[in-house]
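Asks: Sequence first, then the predicted structure, then my questions.
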There are 2 protein chains.
Amino acid sequence: MGERVLPRAERRRRTEGKILDAARSLFAELGYERTTIRAVAKAAGVDPALVMQYFGNKQRLFQQAVRMTPPGGGELGPEGAVEHVLGALTMKLGELPQSSLAMMRSMLTHPEAAASAREALGEQIERLAEALPGEDARLRAALMTLVMLGITVGHQLLEIDELRGVPQEELARLLRPSLLALTGL
Amino acid sequence: MGERVLPRAERRRRTEGKILDAARSLFAELGYERTTIRAVAKAAGVDPALVMQYFGNKQRLFQQAVRMTPPGGGELGPEGAVEHVLGALTMKLGELPQSSLAMMRSMLTHPEAAASAREALGEQIERLAEALPGEDARLRAALMTLVMLGITVGHQLLEIDELRGVPQEELARLLRPSLLALTGL
DNA sequence: GTCTATACCGTGATAGAC
DNA sequence: GTCTATCACGGTATAGAC
């Protein structure tokens, strides 16, 4: 036989991609427990058993779906750190990668998501701490990170009324003095 | 027959109490989905079907377990509002009522818990907004509330390393200027 | 009235048929 | 390489024992 138009490796890769896209979307919307393998398969247009075949179990499907390359941060002073943190807000409403939303959505109820969240937050805390002066830089960095976590959770996941439709620049403007106060200057 | 030592109404009340205590504890630790009726029943020392008999379904058991009387707040100015918000931190580590933790634990993955959380946060936002000046009092109040939500989630539920063992007074000291900056003074 | 036993359906997971 | 059969577990409904 001649060369196939779509080599099996390529075909497999595309199918995996469809499954992961569907999984990210459902995990982000429903969280780990309420997302069923069967629903992911249906959304991806494949057989449920195929999902198991590819990813082994639900847990590994989740891991693959939320896998993220943490953006490496450069060097910056306290003010730069504040702007960097606020920058997360300036992504427009389509915004945060679905993988982040999926991880956050499940971080309080799924142990694996909690571990991923702790790790991701820990990295951000460490990066921020390097830009802050003083003994308690890590503690202040942790508080800054959790402040933004609270805003993001309330805005993106809980969809608190008071924040609906508020432009991100407005949020950044209101939060900036608050975060600066946490830098310890 | 003479008077019963434990009238059935009293006996029933105690059984319900045991079930609700067990439910609160498990919901707070595991969240809604991972908490099973069977596990609640076992922890309470009763038959699983009895839980159904009393509460109808898991959803209503959850509602009863997280039911809380919101503390009515008095009148206060912006500084008083900040201290009031910070006061939530000063509860010692045993701390937040388990009903609150149960609600927060599930608020991102269980629709009913999300509704309860939105309602509870909305009440606090409204109370804070009354103490703040300016056009955007409600927005500022929402941000203050979400700031505290982020800290609480990171501290109590995610158990972020950097906050472990930090005295609540220290947290309050670091956060006070940040919250004051949000009052819009 | 209070509680127990049992059965049904959906979900994650495994083994094996086509 | 894809799908079916089957199992264990959890939410739920019902029957009936005490």
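Replies: Now that the structure is in, tell me what you want to look at.
Asks: For stretch A:28-42, which outside residues touch it?
Replies: The contact list for stretch A:28-42 (C-beta atoms under 8 Å, 6 or more residues apart in numbering or on different chains) reads A:19, A:22-23, A:26-27, A:47-48, A:50-52, A:58, A:61-62, A:98-99, A:101-102, A:105-106, A:109-110, A:112-113, B:31, B:33-34, B:108-109. C-beta: built from backbone N, CA, C; applies to glycine.
Asks: If any of the residues you listed are buried, put those into a PyMOL selection.
Replies: A single PyMOL command selects the buried members of the contacts of stretch A:28-42 (16 or more other C-beta atoms under 10 Å in any protein chain shown):
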select buried, (chain A and resi 19+22+23+26+27+51+58+61+62+98+99+101+102+105+106+109+110+112+113) or (chain B and resi 31+33+34+108+109)
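Asks: near DNA strand D, from the contacts of stretch A:28-42?
Replies: Restricting these to those within reach of DNA strand D (C-beta under 7 Å from any atom of the strand) leaves A:47-48, A:50.
Asks: Next, name the residue at the spatial heart of chain A.
Replies: Of all residues in chain A, the one closest to the mean position by C-alpha atoms, centre = their mean is residue A:100, 1.3 Å from it.
Asks: roughly how far apart are that one and residue B:181?
Replies: In this view, residue A:100 and residue B:181 are 27 Å apart by C-beta to C-beta, to the nearest Å.
Asks: contacts for the helix or strand of chain A with the lowest mean pLDDT?
Replies: Between all helices and strands in chain A, the lowest mean by mean pLDDT, DSSP states H and E belongs to helix A:78-90, at a mean of 84. Outside helix A:78-90, the residues that touch it by C-beta under 8 Å, 6+ apart are A:73, A:76, A:96, A:128, A:131-133, A:144-145, A:148, A:151-152, A:168-169, A:171-172, A:175-176, A:179-180, A:183-185.
Asks: Just the buried residues from those residues, in ChimeraX please.
Replies: Typed into ChimeraX, the line below selects the buried ones among the contacts of helix A:78-90, using 16+ other C-beta under 10 Å:
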select /A:73,96,128,131,132,144,145,148,151,152,168,171,172,175,176,179,180,183,184
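Asks: quick one on the thing from earlier: okay, the ones next to DNA strand D among the contacts of stretch A:28-42 in JSON lines with secondary structure, pLDDT and distance to chain B next?
Replies: As requested, these are exported to JSON lines (DSSP: H, G, I helix; E, B strand; the rest coil; pLDDT from 0 to 100; distance: C-beta to the nearest C-beta, whole Å):
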{"residue": "A:47", "secondary structure": "coil", "pLDDT": "97", "distance to chain B": "25"}
{"residue": "A:48", "secondary structure": "helix", "pLDDT": "97", "distance to chain B": "20"}
{"residue": "A:50", "secondary structure": "helix", "pLDDT": "97", "distance to chain B": "25"}
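Asks: Just give me the closest of those residues to DNA strand C.
Replies: residue A:48 (7.2 Å; C-beta to the nearest atom of the strand).
Asks: rewinding a little: list the buried residues in the least confident helix or strand of chain A.
Replies: Buried-residue list, helix A:78-90, by 16+ other C-beta under 10 Å: A:78, A:81-82, A:84-86, A:88-89.
Asks: any idea how far it is from the chain center?
Replies: Offset of helix A:78-90 from its chain centre (C-alpha atoms, centre = their mean, to the nearest Å): 17 Å.
Asks: Tell me how many other residues surround residue A:67.
Replies: A count of neighbours around residue A:67, defined by other C-beta atoms under 10 Å in any protein chain shown, yields 11.
Asks: Okay then, goodbye and thanks.
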